[in-house]
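1. Show me the folded form of this:
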Amino acid sequence: MQTVGIGTRVLNYLIDTIIIFIISALCFHGWNVYVQFYGYQGYNYGWFFFGGTFVYYALFEGIFSRTPGKWFSYTKVVNKQGKKPSIIHILLRSITRLLLIDSFFIPFLDKPLHDYFSNTEVVQA
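-> Below you'll find the predicted structure:
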């Protein structure tokens, strides 16, 4: 079980964030059609982006232990024993990703805050 470096993690993040941005933009514009024509309440784009981020990571890592970014770089999420993490760990990991200070803990912990709180690692598949 070999953990991956920061460069691989940045690549995963960029790929996943681009996908999340596209999905959340489509949902945001789709919702705005209902706002404009049917008088529904409008929401800020941030609600779609951060909600989409949580759902995206919770679904992909909960079902496959990988996201499209991790498939691209041949990595996966495991617990400390090298097995698939439980759904509680995945949900905790997904919630912690929403904190804006998540990546600032890399110099202190050698991993992002979402890995530290959920007791998970990203390793080569």
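2. buried sites along the lowest-mean-pLDDT helix or strand in the chain?
-> Across the helices and strands of the chain, mean pLDDT, DSSP states H and E gives its lowest value to helix 106-109, namely a mean of 92. Buried positions in helix 106-109, judged by neighbour count with 16 or more other Cβ atoms under 10 Å: none. For glycine as for every other residue, the C-beta is placed from the backbone atoms N, C-alpha and C.
3. Scan this protein for its longest helix.
-> helix 6-38 (DSSP state H).
4. elements contacting it?
-> With contacts defined as 3 or more Cβ pairs under 8 Å, 6 or more residues apart in numbering; DSSP states H and E, helix 6-38 has these neighbours: helix 45-63, helix 68-73, strand 120-124.
5. Among those, which comes closest to residue 14?
-> Nearest to residue 14, of all the helices and strands packed on helix 6-38, is helix 68-73, at 7.4 Å by Cβ to Cβ.
6. Which of the helices or strands spans residue 94?
-> Here residue 94 sits within helix 87-96, counting by DSSP states H and E.
7. ok so, going back, next, format the helices and strands packed on helix 6-38 as TSV and append mean pLDDT.
-> TSV is the format used below for the helices and strands packed on helix 6-38 (pLDDT from 0 to 100):
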stretch	mean pLDDT
helix 45-63	98
helix 68-73	97
strand 120-124	97
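8. any chance of these in CSV, plus distance to residue 79 and mean neighbour count?
-> Listed next are the helices and strands packed on helix 6-38 as CSV, based on distance: least, Cβ to Cβ, whole Å; neighbours: other Cβ atoms under 10 Å:
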stretch, distance to residue 79, mean neighbour count
helix 45-63, 12, 17
helix 68-73, 15, 18
strand 120-124, 6, 18
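9. which stretch among these comes nearest residue 114?
-> Nearest to residue 114, of all those, is strand 120-124, at 8.0 Å by Cβ to Cβ.
10. now the helices and strands packed on helix 6-38 in CSV, with distance to residue 8?
-> CSV is the format used below for the helices and strands packed on helix 6-38 (distance: least, Cβ to Cβ, whole Å):
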stretch, distance to residue 8
helix 45-63, 16
helix 68-73, 5
strand 120-124, 8
